[in-house]
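Trainee: dropping a prediction and its sequence here:
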Amino acid sequence: DTGVSQDPRHKITKRGQNVTFRCDPISEHNRLYWYRQTLGQGPEFLTYFQNEAQLEKSRLLSDRFSAERPKGSFSTLEIQRTEQGDSAMYLCAGGGPGEQYFGPGTRLTVT
Amino acid sequence: AQSVTQLGSHVSVSEGALVLLRCNYSSSVPPYLFWYVQYPNQGLQLLLKYTSAATLVKGINDFEAEFKKSETSFHLTKPSAHMSDAAEYFCAVWGFGNEKLTFGTGTRLTIIP
């Protein structure tokens, strides 16, 4: 157990709906990362925070995606107007430079 | 830029046999290298990591990996496979200045009883 938790673990939604996921790292993790993993692939970087500052966003993160880490603790990832192509496992990781500990992930299914 | 290539998307070994999962990396800066394991519908668990100290790195559950700069490789081995080792394994590279992990496409390990 890495101490990183994610909620919900599974989400089924209809195309066009908005969804929000939450990640709670342990208090020592000043960095927080979001990755997306589709079936048969490795995780792909989406974005990361150093404390509350969002320092980098991947081009995979379209305008429909937004992430926040308001107090430098937990983080949320919102997807607006979901599409079937958004179906994936969304992984959160906490840690420091060169070291990341992953949560259990949120599996999103868009029908 | 950095990248990882995992040779063999599927590997099958008999229980008790040697496990060898291959990973080659590309990085413009000295890399940190990682192996993670993923069980179905779960997150990634860190097996071991190389951070420029000893080139032979030991991890959990008797896994180990050797960093070979001349071959740009970081292959994962285990002397004797156990049924519980059946899972997906991911190699990843971190480069300072590119502050994120870049993963390979994974190798699914099957253990034959």
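Mentor: Everything's here; your move. Numbers count the residues shown, from 1 in each chain, chains lettered A, B, ... in the order given.
Trainee: chain center to stretch B:61-69: distance?
Mentor: With Cα atoms, centre = their mean, to the nearest Å as the basis, stretch B:61-69 stands 8 Å off its chain's centre.
Trainee: rounded mean pLDDT for stretch A:17-27, please.
Mentor: Stretch A:17-27 shows a mean pLDDT of 95.
Trainee: in space, what's closest to A:D7 - neighbours in sequence excluded?
Mentor: A:R22 (4.9 Å; Cβ to Cβ, 6 or more residues apart in numbering or on different chains). (Glycine included, C-beta is placed from N, CA and C.)
Trainee: for the one you found, give me its contacts.
Mentor: Contacts for A:R22 (Cβ atoms under 8 Å, 6 or more residues apart in numbering or on different chains) come out as A:Q6, A:D7, A:F74, A:S75, A:T76.
Trainee: ok, the residues you listed vs A:S58, which is closest?
Mentor: Using Cβ to Cβ, A:S75 comes nearest to A:S58 of those, at 15.4 Å.
Trainee: neighbours around the residue lying closest to the closest one once chain neighbours are set aside, how many?
Mentor: Nearest non-adjacent residue to A:S75, counting by Cβ to Cβ, 6+ apart: A:R69, 4.2 Å away. For A:R69, the count of nearby residues is 22 (other Cβ atoms under 10 Å in any protein chain shown).
Trainee: A:R69 and A:R31 touch, don't they?
Mentor: No: if you go by Cβ atoms under 8 Å, A:R69 and A:R31 don't touch, sitting 9.9 Å apart.
Trainee: overlap of the contact sets of those two?
Mentor: With Cβ under 8 Å, 6+ apart, A:R69 and A:R31 have common neighbours A:F49.
Trainee: before we move on, back to that, roughly how far does the residue nearest to A:D7 sit from chain B?
Mentor: 15 Å (Cβ to the nearest Cβ, to the nearest Å).
Trainee: how far does the one helix or strand that residue maps to sit from its chain's centre?
Mentor: Assigned by DSSP states H and E, A:R22 belongs to strand A:19-24. Centroid displacement of strand A:19-24 relative to its chain, using Cα atoms, centre = their mean, is 7 Å.
Trainee: residues in contact with whatever residue of chain B ends up closest to chain A?
Mentor: Relative to chain A, the nearest point of chain B is B:F103 (3.2 Å; Cβ to the nearest Cβ). Neighbour list for B:F103: A:G42, A:P43, A:E44, B:V4, B:Y36, B:F90, B:C91, B:A92 [criterion: Cβ under 8 Å, 6+ apart].
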